[in-house]
Structure formats: structure tokens, C-alpha cells
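>>> let's see this in three dimensions:
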Amino acid sequence: MQVANINVKQETPVGHGKVTCFSIYSGTKGAEADFGNGKTCIWVDVLDGGPDVLMEFVPFFEDSSIRKVWHNYSFDSHVIENYGIKVAGFHADTMHLARLWDSSRRTDGGYSLEGLTNDHRVMGVVPKELQKIGKRSMKTIFGRKKIKKDGSEGKITAIEPVEILQREDRELWICYSSLDSMSTLRLYESLKSKLERKPWTFDGYPRPGGSLYDFYEEYWCPFGAILVKMETAGMLVDRAYLSEIEKVAVAQRESAADKFRKWASKYCPDAKYMNVNSDTQIRQLFFGGIENIYKSGDFLPKSKAIKVPNNETAVSEGKKVPKYRTIDLFSIVEDLKTDIFTASGWPSVSGAALRNLAGKVPSDLVYSTDDVNDDECGIHSEISHCDLEDTSSYGTAYDAFGGGKEGKEACHAIAALCEICSINSLISNFILPLQGNHISCKEGRIHCSLNINTETGRLSARAPNLQVGIYDSTF
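Predicted structure coming up:
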């Protein structure tokens, strides 16, 4: 089935997408369906035929006695049900069969129809009467190099919209589209054969007379259908409440950023203008002058001039406020210990790396705008309170900045950087997506994709990931 009017990487198929065409294939030998004159495959044009053509196939889609094999049943069934059709007769999803057969293919060939049907390890057992042609991608068949202004071909390969391809490259498009259903049946037959030869074990013991395909039929097939129903039902989200959470998160992010800039500017004055989301600028502050662990003689500069947006509005009368300003960032600490490096050999400033530098800092100290008081470290007492305090929970920045008051302030400030990373992730991956229309339908419910695609057997959720939550007590 081919679909238009949907961004598959961003939008849910529930309430989005329009069927342009689909094909049905019943095999060759002993086919259960004859579509006329002995034909076992039909291609249906819904783009120019209109929804009325699709409605003619309602009895087929809704007949539970007609067994249907799909590749990615979830997506196809959702798009079809957008037309009010209740899909029945789900027999197998070749994507689930492939995951049951080998759960480690995510990084070794993947689970796409193209990746599976062109892999000899997967397609080793296929009846001779079935087609031996694997699925080919749209980019391979219909991709065209973009033409530059001078008329020569560029390096970027582009694909025309589905509607144009279906109308202008009609014969090739029909072959491409029909091959989907043929390849799916081939894949099903091969995976079924492989799973039938694998014993079904439970608690380390084989189940008598049972194969992994029996397990699929008894558990995974009905479970797959349930997951699709759960996706269809969706989850109601209080968007007004999420909007309020977003405001709190943004305010806390700004508070944490201000805390870090204020602290860093005591050592490097221009740090008050820095971008706290820039790995380059953070690395310059903490590791300026360090040598690359992979390239001897390659050092980060001790000081670096960096162009940043100019957020100041005060300017002399008659002068235009410059859009950018140049700041000078230099290393503010010597020999800051870290054991996390990037693939290119420089010290990492990822969330995990920063947490190692900061250590375990209570959240109330992260957002506190006050420096560590002198009295807290017992400056006026004979024995300093900081000397008696257990500082083992602090990270490597504590000693690097001299311990005591300065060491604690450094850890608190770096912990604020960690909070910025966490809040950014929370906003971009959770708070904003759940308020978007691309993952919801007209009823306002969120429809994520639930998948059986982890090596541990757990479910995964994406677009959006509803298995993560907001754990910060502030929210």
C-alpha cells in the first residue's frame, strides 16, 4: 500500500495519510483467490479512482475469514481505518515474525521489507513457485539527481511526490507497488518455515510439539492486534497542564543558565555572554589547552575568540545594535580530570561527562543563586567546617578548583549545566511533542507507535515515547 499526505517520521497514521494505491497478492501455486483470468495479483488505483474505489474493497478488508499477511500491519491498518473501514482477518505481520526470528537485526540489516527480502540469510527458504525478486526502495527506482543551476547533475538524490510518480511513471509504479505484496508473501513463507524449525522453550525446557511459529500464532499474533487497538485508542493528554509545565521548565532552564554564567564569569568575564548549550564553548572553558588523546601534538587553544548573538539593547544614540559580538573564552581551570572522550579524541561535555565533574549535588543547591557563604566553610573559625564536611559526593571539579568554597561552587555550577541538558531533553522529547497535532487526531488523543522490537522482549514506544515520564519533583 502506498500513502500520501503524511510525514511518516513525524506524524501518526491515526487520522493522517491518504491511500493512493494498494495491491493484493494470493500467491501462485494453489492460490486461494482468483482475481480474474487466473490472475493472482491486483493493483488498485485509489488516487484517481477516488475513495469510492477503496469502498468496493470494504468486504475484503472487513472479512475475518480472509487471512491477511502484512508488513507493518500497524501503519497500514491505521491508514485504511481513517476511511472508516474496520480491518479484520489479521493473520501475520512479517515485521513481528522477523523480530521473533532474530531480535538483533536493528543494526544488522534492519526490519524493512527491502532489508529483509534482499538478505539471503532471511530468504533462504522460499517455495520455488514464488517470485525471487526482493523489494527495491523508492530511492533506488525513482530517485533522480537534482539539477544544478548550470544544468549539471548534483550529488543529492531527490524523489518526486507519490502522486506524481503514480501518474507519470505509471507502469513502473504499478510494478513497484505490486512487488510489495509479492515480497511480503515471500518473506512470510520463509520466516514461517524458519520459525517452525525452532523449538518453543519455556523456562529452559522445550514445549512438547511446539515451535516458535506456534508461539507466534498463540501469543504474538493476537498481541500484535491488541497493540494496534491500543494505538488507535490513544491516550488523552491534558495539554493545558503541559503548557504550564513548559513555562516552569523554561524558567528553570534560564535560572540554571544564569547561575552557570554568573559563576563562570568570575574566572572568564566574557563567559556571561556564552551559549551554555554549545559543547565547543563549554569545552573551551574547562579543557582549553588540553592535548588530543589520539593525535599527539594536537592541542585545543588556551583562548578562543567566538562570535555569539548580541543580546544587549543598550547602544549609543544614532548607532545600530550589532547582531553579533565577539567574546574571548579561555580555560578557567588546570588539569580537570575526566575519563569520557569524544570519538575525535577531545574531552566530552555530554550530560554524563558533566555529571562526573559535578558529582551528586542536591537540586536546591543547583537552582540557588547565592554563592557558598564564607560562614558555611567556617572562614572565621579555627577549624573550617569544609575541612570536616564529607565531600566524597562531589565530582572531579571539586579538587580541580581547589576544594573548599571554590570547589563546591564549581560543582554546583556544573550541576546547573547538567540540569540544562536534562530540561532541554525533557522539553524537546516530551513536553513539546505531546502538545503537537502531528501525533494526535481530531479528538486530541495522542497516538504513539507501540513496537515489539527490543532484544530484551520489552515493548518500545515512539513518536512520542510515552514510556518516559517527568520525574523531576519540581514538575
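>>> going forward, measure contacts and count neighbours with C-alpha atoms only.
Noted.
>>> figure out how far the helix or strand containing P208 is from the centre of its chain.
Element membership of P208 [criterion: DSSP states H and E] is strand 205-211. In terms of Cα atoms, centre = their mean, to the nearest Å, the centre of strand 205-211 is found 37 Å from the chain centre.
>>> quick one: mean pLDDT for it?
For strand 205-211, mean pLDDT rounds to 86.
>>> describe which strands it pairs with in its sheet and in which direction.
Using DSSP bridges, the strands paired with strand 205-211 in its sheet are strand 199-202 (antiparallel).
>>> can you list contacts of the strand it pairs with?
Under the criterion Cα atoms under 8 Å, 6 or more residues apart in numbering, residues P206, R207, G210, S211, L212, D214, F215 lie in contact with strand 199-202.
>>> buried sites along that strand?
Buried residues in strand 199-202, counted by 16 or more other Cα atoms under 10 Å: P199, W200.
>>> output it as CSV, nothing but the C-alphas.
Provided in CSV are the C-alpha atoms of strand 199-202 (Å, rounded to 0.1, in the frame of the first residue of the first chain):
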residue,chain,number,x,y,z
PRO,A,199,11.7,-25.2,19.3
TRP,A,200,9.5,-23.2,21.7
THR,A,201,11.2,-23.2,25.0
PHE,A,202,9.8,-22.1,28.4
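>>> what sits against the residue nearest to G351 when sequence neighbours are not counted?
Nearest residue to G351 in three dimensions, chain neighbours excluded: C418, at 5.6 Å (Cα to Cα, 6 or more residues apart in numbering). Counting by Cα under 8 Å, 6+ apart, C418 touches G351, L354, R355.
>>> quick one: low-confidence ranges for the stretch 301-450 of the chain?
Applying pLDDT under 70 to the stretch 301-450 of the chain flags residues 313-318, 369-390.
>>> and the stretch 51-200 of the chain, by the same measure?
Applying pLDDT under 70 to the stretch 51-200 of the chain picks out residues 125-134.
>>> show me where it has its helices.
For the stretch 51-200 of the chain, the helices defined by DSSP state H, counting those that start in this stretch occupy 51-55, 58-62, 73-81, 94-101, 113-117, 138-142, 162-168, 170-196.
>>> mind putting those into a markdown table with distance to K319 and mean neighbour count?
Listed next are the helices of the stretch 51-200 of the chain as a markdown table, based on distance: least, Cα to Cα, whole Å; neighbours: other Cα atoms under 10 Å:
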| stretch | distance to K319 | mean neighbour count |
| --- | --- | --- |
| helix 51-55 | 62 | 15 |
| helix 58-62 | 70 | 17 |
| helix 73-81 | 57 | 20 |
| helix 94-101 | 63 | 23 |
| helix 113-117 | 61 | 20 |
| helix 138-142 | 53 | 13 |
| helix 162-168 | 53 | 15 |
| helix 170-196 | 61 | 20 |
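>>> check the spacing between P51 and T20 real quick.
Distance, P51 to T20, using Cα to Cα, to the nearest Å: 9 Å.
>>> report the residue ranges of every domain in this structure.
For the chain, the structural domains run 2-135+166-236, 253-423, going by automatic domain parsing.
>>> nearest to R144, out of those domains?
When the domains of the chain are compared by Cα to Cα, domain 2-135+166-236 sits nearest R144, at 12.9 Å.
>>> quick revisit: and the helices of the stretch 51-200 of the chain: which comes nearest F401?
With Cα to Cα as the criterion, F401 lies closest to helix 94-101 of the helices of the stretch 51-200 of the chain, at 51.0 Å.
>>> mind listing residues that contact the closest one?
The set of residues external to helix 94-101 that reach it, using Cα under 8 Å, 6+ apart, is 69-72, 105, 111-112, 184, 187-188, 191-192, 194-195, 212, 216, 220, 452-453.
>>> can you give me the neighbour number for G50?
G50: 13 surrounding residues under other Cα atoms under 10 Å.
>>> how far away is it from M235?
Distance from G50 to M235, by Cα to Cα: 32 Å.
>>> kindly report the same for P362.
From P362 to M235 the distance is 34 Å (Cα to Cα).
>>> just how off-centre is stretch 237-250 within its chain?
22 Å.
>>> what's in contact with that stretch?
With Cα under 8 Å, 6+ apart, stretch 237-250 has contacts from I423, I427, I431, L432, L434, Q435, G444, R445, I446, F475.
>>> list the buried ones in it?
Quick answer for stretch 237-250 (16+ other Cα under 10 Å): L242, I245, E246, A249.
>>> contacts for the next helix-or-strand element following the strand holding P208, please.
Using DSSP H and E, the helix or strand that follows strand 205-211 in sequence is helix 212-215. Applying Cα under 8 Å, 6+ apart, the contact partners of helix 212-215 are L100, K192, L195, E196, R197, K198, P199, W200.
>>> do the same with stretch 158-171
By Cα under 8 Å, 6+ apart, the residues outside stretch 158-171 that reach it are 2-4, 20, 47, 138-139, 142-146, 173-174.
>>> for stretch 241-250, what does the pLDDT average out to?
So the average pLDDT for stretch 241-250 ends up being 93.
>>> also stretch 14-33?
Mean pLDDT, computed over stretch 14-33, is 84.
>>> same question for stretch 220-237.
Stretch 220-237 comes out with an average pLDDT of 94.
>>> which stretches of the stretch 351-475 of the chain form helices?
351-358, 363-366, 385-388, 396-400, 404-426.
>>> what's the fourth one in contact with?
Under the criterion Cα under 8 Å, 6+ apart, residues 333-338, 356-359, 404, 406-408, 410-411 lie in contact with helix 396-400.
>>> do the same with the second one
Counting contacts by Cα under 8 Å, 6+ apart, the residues outside helix 363-366 that touch it are A256, H412, A413, A415, A416.
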